[in-house]
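Student: With the input below, show me the fold.
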Amino acid sequence: MITLVTGTTGQVGRRFVPRLITQAEGDERVRVLVRDAARGEPFAALGAEVVVGDLRDEEALSKAVVGADAVVNVAAAFRGVPDEEAWAVNRDAAVALGRAALSAGVRRFVQVSTGNVYGSGRGRPLTEDDESRPGGALWGAYPESKAAAERELLALAGGMEVRIGRLPFVYGEGDPHIANALPWAARWAPEQRLQMAHHADVGQGLLRLLYAPAVNGPVYNIADDAPVTTVELYRLAGVEPPEDLSTRTDTDRDPWHGIMSNRKIRRDLGFRPIYPSAWTARDAGAL
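Tutor: Next up is the predicted model:
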């Protein structure tokens, strides 16, 4: 079995690939697609096969999927990129990869997506049955393009099984995401909550989607058990909350905005967060 992974040099991919390699048994192999050969060297040292090419190059995609049994598409263009780049990577390249995988006989395709595709809040935790509703403070080209990719990948005909893993705010293992989030938090009310997942739990969630023989529907939220408040986010970053934080209010924002239920992945795939909360990760020295 050959598993191709894209987006391997990003914050999620660089932590997921070593976990995937340690799970390999017998003739199982891991293949990574990278744009720069030098950035593939750490994965080659771990035993991965490296294919050099751009995700937006269809010839490179055809080469990368040859002989593969499964694909995990982690690649994403996140915040701070032009809208056209977000669409080109998050939708166009993802769908082109899906079509190339289908043509090559790949049996399982795991698409890494985001909980931001839910859009506006529902006044309760978001479940996989909720449709995408454009809106909310985090709506834009990133979640919109990811939602479009989900729809088009799930609509691919043929014998390839497509599974979707929706991620919340991901942190841990030296990822600077918490510190980088503080400029956003400067606009939040103190009680506003943020759904999170540690890289270790993102890894185990994706591995379950990759290896599980059957699933109850293609979409799964991968999230921990305890969202953190704005105040807690500052403290996790080792920064004192701003003095005016307690005076902020956000009466227009749904307090459940972005909060994701992990009940389905717990029930169907036996997922149990290694770090149920960011405080557990902090106490374990895993931030």
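
Student: Over stretch 246-261, what's the mean pLDDT, rounded is fine.
Tutor: Mean pLDDT, computed over stretch 246-261, is 80.

Student: gap between the two ends of that stretch?
Tutor: Terminal residues of stretch 246-261 lie 28 Å apart, using CA to CA, to the nearest Å.

Student: List of residues touching it?
Tutor: Identification of contacts with stretch 246-261 by CB atoms under 8 Å, 6 or more residues apart in numbering yields 115-116, 118, 120-127, 136-138, 166, 168, 188-195, 221, 223, 227. Using the backbone N, CA and C atoms, a C-beta is placed for each residue, glycine as well.

Student: Name the residues of it that are buried.
Tutor: 250, 256, 257, 258, 259, 260, 261 (16 or more other CB atoms under 10 Å).

Student: Using neighbour counts, trim the contacts of stretch 246-261 to the buried set.
Tutor: Buried, going by 16+ other CB under 10 Å: 115-116, 118, 121, 125-126, 136-138, 166, 168, 188-190, 192-195, 221, 223, 227, out of the contacts of stretch 246-261.

Student: What about the residues you listed, which are in strands?
Tutor: 166, 193, 194, 221 (DSSP state E).

Student: per-residue confidence at the closest residue to residue 222 other than its chain neighbours?
Tutor: Nearest non-adjacent residue to residue 222, counting by CB to CB, 6 or more residues apart in numbering: residue 205, 3.5 Å away. Listed pLDDT for residue 205 reads 98.

Student: Please apply the same query to residue 48.
Tutor: pLDDT at residue 48 comes out at 98.

Student: can you pull the contacts of it?
Tutor: 17, 21, 29, 30, 31, 32, 40.

Student: and the third one, how many neighbours?
Tutor: This points to residue 29. 17 (other CB atoms under 10 Å).

Student: what does the fourth one give?
Tutor: Residues within reach of residue 30, counting by other CB under 10 Å, total 24.

Student: Tell me if it really is in a strand.
Tutor: Yes: counting by DSSP: H, G, I helix; E, B strand; the rest coil, residue 30 is located in a strand.

Student: Just to check, it is in contact with residue 50?
Tutor: No: using CB atoms under 8 Å as the test, residue 30 is too far from residue 50 to be in contact (10.0 Å).

Student: any residues in contact with both of these two?
Tutor: With CB under 8 Å, 6+ apart as the test, residue 30 and residue 50 both reach residue 43.

Student: Wasn't the residue nearest to residue 222 part of a strand?
Tutor: No: looking at residue 205 with three-state DSSP, it is helix, so not inside a strand.

Student: That one: neighbouring residues, count only.
Tutor: Residue 205 has 25 nearby residues by other CB under 10 Å.

Student: go on, residue 212?
Tutor: By other CB under 10 Å, neighbour count at residue 212 equals 16.

Student: what do you get for residue 145?
Tutor: Neighbours around residue 145, by other CB under 10 Å: 24.

Student: Contact partners for it?
Tutor: Per CB under 8 Å, 6+ apart, neighbours of residue 145: 77, 86, 87, 89, 90, 91.

Student: Distance of it relative to residue 22?
Tutor: 32 Å (CB to CB, to the nearest Å).

Student: how about residue 116, what does it touch?
Tutor: By CB under 8 Å, 6+ apart, the neighbours of residue 116 are 138, 139, 142, 143, 146, 258.
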